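A.B. asks: take a look and give me a structure for this.
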Amino acid sequence: MNEIFQNLYEMTAFSNIIAEPQFLIMYAIAFILLYLGIKKQYEPLLLVPIAFGVLLANFPGGEMGVIQADENGLINVHGVMKNIWEMPLHDIAHELGLMNFIYYMLIKTGFLPPIIFMGVGALTDFGPMLRNLRLSIFGAAAQLGIFTVLLVAILMGFTPKEAAALGIIGGADGPTAIFTTIKLAPHLLGPIAIAAYSYMALVPVIIPLVVKALCSKKELCINMKEQEKKYPSTTEIKNLRVLKIIFPIVVTTVVALFVPSAVPLIGMLMFGNLVKEIGTNTFRLFDAASNSIMNAATIFLGLSVGATMTAEAFLNMTTIGIVIGGFLAFALSIAGGIFFVKLVNLFTKKKINPLIGATGLSAVPMASRVANEIALKYDPKNHVLQYCMASNISGVIGSAVAAGVLISFLG
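C.D. replies: Prediction:
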């Protein structure tokens, strides 16, 4: 009888968990992410799949965790080193399991991030940015965190490629962070993706902290509509619809000429936006890009990225450095946008609310909504959402271009 109970006990995961209690830490991380996604509603479309992937990957014996290949593509398969890129698809699925199949075929090849960018483009309205082009420059200023943390990470001992992958977290754009990491430091994909998406989900917490530390009440009460009335713009857009159709074509062409490595992201972003702006003639393409295709891509991306977060891959000093560096990059990106607004305000009569600079990172549209809520707390009539969106949307383009520059120089 004892032998039967012993066999039943060993059949369960409890014996493995007791032998290796670090699994409990990973369960706690998964439950925290699920709590943030479900209860707090922080980016639930991203955090829920990622958190569930973390949970699946850390159940002993479940074989749902992703096994990371080294820089040469070699992976340990039942004690034998094999090149993952030379293995037939059915062997990957059979010998390594479903998550490894999804990860290596859809994620590590760099396929899914551009597909998600296509969906983001289809859901993006560049109108607020085109109507307030002067505010789009703050999207570039907010990339400060990327390059600052890159330098700091190199001084801390990370290789230049690893430092670039870490710094890109400051762009606050999950697909961009994943795409850059795949190209430069694929062995860090799990912790970098988790850090990037976690900090994106915590935008409602991080932006108010940085804004409170750097901005005065007087600055936060700057009313953009009143500034527009005092100092009206001298340029007028006569046909916004035509401009919104031309814009993605022009941006793609310019980026392709100057930063070709950014084309996979920018090109798909702009294609998704183009089929949206054309209208009824391409509605089916827009509908597919923004709904079924993007939703499927998000599910596969979230689950497989979460599945990279095994206890062995996550619980180490490198991951701790990524978590700390990611937060620093995020905060510095917000601060960079704020400081640039302060600088511009020193030389212009038409003042700008620093909250617009704080939204220069790519967390669209959450960053803009958070900034608008902050402005309304100080002045119930001060709606800055449309102005924040100008900076926020340009930040998407800025982070993708920054990623392309890093890949060009370091890839």
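A.B. asks: C-alpha only now, for contacts and for neighbours.
C.D. replies: Will do.
A.B. asks: now for the helix or strand residue 137 falls within, which elements pack on it?
C.D. replies: Take DSSP states H and E as the rule and residue 137 turns out to sit in helix 137-141. Using 3 or more Cα pairs under 8 Å, 6 or more residues apart in numbering; DSSP states H and E as the contact test, the elements touching helix 137-141 are helix 317-345, helix 354-358, helix 385-410.
A.B. asks: can you list contacts of it?
C.D. replies: 333, 336-337, 340-341, 356-357, 359-361, 391-396, 398-399 (Cα atoms under 8 Å, 6 or more residues apart in numbering).
A.B. asks: now the element after that helix, going C-ward?
C.D. replies: Per DSSP H and E, the first helix or strand lying C-terminal to helix 137-141 is helix 144-155.
A.B. asks: surely residue 325 is in contact with residue 165?
C.D. replies: No: the criterion here is Cα atoms under 8 Å, and residue 325 misses it with residue 165 at 10.7 Å.
A.B. asks: compare these two (neighbour count), which wins?
C.D. replies: Applying other Cα atoms under 10 Å to residue 325 and residue 165 shows that residue 165 carries more neighbours, namely 34 against 24.
A.B. asks: just checking, next helix/strand downstream of the strand or helix carrying the more buried one?
C.D. replies: Counting by DSSP H and E, the secondary-structure element that holds residue 165 is helix 160-167. Heading C-terminal from helix 160-167, the first helix or strand you meet, by DSSP H and E, is helix 174-184.
A.B. asks: how about that following helix as CSV, C-alpha atoms only?
C.D. replies: C-alpha atoms of helix 174-184 as CSV (Å, rounded to 0.1, in the frame of the first residue of the first chain):
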residue,chain,number,x,y,z
GLY,A,174,6.8,45.0,-26.7
PRO,A,175,7.0,43.8,-30.4
THR,A,176,10.0,46.1,-31.0
ALA,A,177,11.8,44.8,-27.8
ILE,A,178,11.2,41.2,-28.9
PHE,A,179,12.3,41.9,-32.5
THR,A,180,15.5,43.7,-31.4
THR,A,181,16.3,41.0,-28.9
ILE,A,182,15.8,38.2,-31.4
LYS,A,183,18.3,39.9,-33.7
LEU,A,184,20.9,40.8,-31.1
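A.B. asks: what's the average pLDDT for the following helix or strand past it?
C.D. replies: Proceeding N to C from helix 174-184, the next assigned helix or strand is helix 189-201, under DSSP H and E. Confidence for helix 189-201, expressed as mean pLDDT, is 84.
A.B. asks: got the contact list for the spatially most central residue of the chain?
C.D. replies: The structure's the chain has its C-alpha centroid closest to residue 174; by Cα atoms, centre = their mean the separation is 1.7 Å. Taking Cα under 8 Å, 6+ apart as the definition of contact, the neighbours of residue 174 are 193, 196-197, 200.
A.B. asks: which among those residues count as buried?
C.D. replies: 193, 196-197, 200 (16 or more other Cα atoms under 10 Å).
A.B. asks: what average pLDDT does the helix holding residue 137 get?
C.D. replies: With pLDDT averaged residue by residue, helix 137-141 scores 87.
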